[in-house]
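Novice: show me how the following folds:
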Amino acid sequence: MRFIRTELRGEQHPTAKFIDKTGDVYRPVPGLFDVDVWDSDRLLQQAAARRVSAEALSEALVLYRDDLLEAVYYEWADPLKDQFRSRFLDAVVHLSNLHVERGEHEEAVNALLRGISADPY
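Specialist: From the prediction side, this is the model:
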């Protein structure tokens with residue numbers, strides 16, 4: 001990990017801090033990396049609190065391409081996968097309701113179809 005931290009710095013920013021280390025845990029510094037999971041997570045949290053527009057909610061759903069850690073077969077990943085899928089499905093229903101309130105019934109159905117394709121059960 002030290003090698004990665006050093007390589008990210010470079011000549012123009014020799015003391016820049018891109019990776020935080022707390023104890024034995026390394027984490028990228030938020031705001032310095034553009035991570036779709038972080039962006040989607042932020043928008044889905046706002047959607048859960050009903051503080052987001054239909055447009056922002058649509059953006060969050062676009063960022064959700066597949067289940068998080070889909071190809072990872074570790075038991076520790078299952079709760080994360082379930083949490084993100086559940087929040088995605090809640091956001092799909094919320095977006096569909098927003099479209100219905102606007103009289104945009106085709107968009108409402110399309111949103112629900114997206115949720116069904118992510119989780120047919």
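
Novice: so how far is V109 from the residue nearest the centre of the chain?
Specialist: In the chain, the residue lying closest to the centroid (Cα atoms, centre = their mean) is S40, at 2.7 Å. Using Cβ to Cβ, to the nearest Å, S40 is found at 22 Å from V109. Where C-beta positions appear, they are placed from N, C-alpha and C, glycine not excepted.

Novice: about what we covered before: quick one: list the elements packing against the strand or helix carrying the residue nearest to the centre of the chain.
Specialist: When elements are assigned from DSSP states H and E, S40 belongs to helix 36-48. Applying 3 or more Cβ pairs under 8 Å, 6 or more residues apart in numbering; DSSP states H and E, one finds that helix 36-48 contacts helix 54-63, helix 78-101.

Novice: which other residues reach that helix?
Specialist: Contact partners of helix 36-48, identified using Cβ atoms under 8 Å, 6 or more residues apart in numbering, comprise 30, 52, 56-57, 59-60, 63-65, 68, 84, 87-88, 90-91, 94-95.

Novice: buried sites along stretch 108-121?
Specialist: Buried positions in stretch 108-121, judged by neighbour count with 16 or more other Cβ atoms under 10 Å: A108, A111, L112, R114, G115, A118.
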